[in-house]
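Novice: Just need the structure, nothing else, for what follows:
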Amino acid sequence: MTGFLTAMAAFVAATAGLGLLRLLRGPSPVDRMMAVQLAGTAGAGVCLLLSVTQASPALVDVALTLAVLAALGTAVMSRSGRPARIDAADAPPARPVLPREPMGK
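Specialist: Numbers count the residues shown, from 1 in each chain. Next up, the predicted model:
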């Protein structure tokens, strides 16, 4: 069973490696954000699998830390694209609302 779990940890790590390639080459910030989330989730999975095979409870703490950091990284990246506040002078002009014509005409 230990060999199987180690092989699964290697597979998940390889998947995270492919996700890191997307992080480097991602054409859009959304691709990069999802690659960061994948890396954190996969890293947590690898740590959990290795904690079972190595009988090391400290790796569970590392996995929890990675999961929290991945979530925080996603939140920071999603907030970085938005302006903090729009002043009235910077706001686009409002379009006038035109009355509709009745449907029967």
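Novice: Geometric centre of the protein: which residue is closest?
Specialist: Centroid-nearest residue in the chain: residue 37, 3.0 Å away (criterion: C-alpha atoms, centre = their mean).
Novice: May I ask which helix or strand encompasses it?
Specialist: helix 29-54 (DSSP states H and E).
Novice: Give me the buried positions along that helix.
Specialist: 32-51, 53 (16 or more other C-beta atoms under 10 Å). C-beta here means a position set from N, CA and C on the backbone, and glycine is covered the same way.
Novice: Skipping its backbone neighbours, what lies nearest the residue nearest to the centre of the chain in space?
Specialist: Nearest residue to residue 37 in three dimensions, chain neighbours excluded: residue 74, at 5.1 Å (C-beta to C-beta, 6 or more residues apart in numbering).
Novice: So which elements touch the host helix or strand of that neighbour?
Specialist: Taking DSSP H and E as the definition, one finds residue 74 inside helix 58-79. If you count contacts as 3 or more C-beta pairs under 8 Å, 6 or more residues apart in numbering; DSSP states H and E, helix 58-79 packs onto helix 29-54.
Novice: Centre of the chain to the helix it packs on, how far?
Specialist: Centroid separation between helix 29-54 and its chain, computed with C-alpha atoms, centre = their mean, to the nearest Å, is 10 Å.
Novice: I'd like to check which residues are in contact with the spatially closest residue to residue 58 that is not a sequence neighbour.
Specialist: Nearest residue to residue 58, sequence neighbours excluded (C-beta to C-beta, 6+ apart): residue 51, at 7.7 Å. Counting by C-beta atoms under 8 Å, 6 or more residues apart in numbering, residue 51 makes contact with 57, 58, 59, 60, 63.
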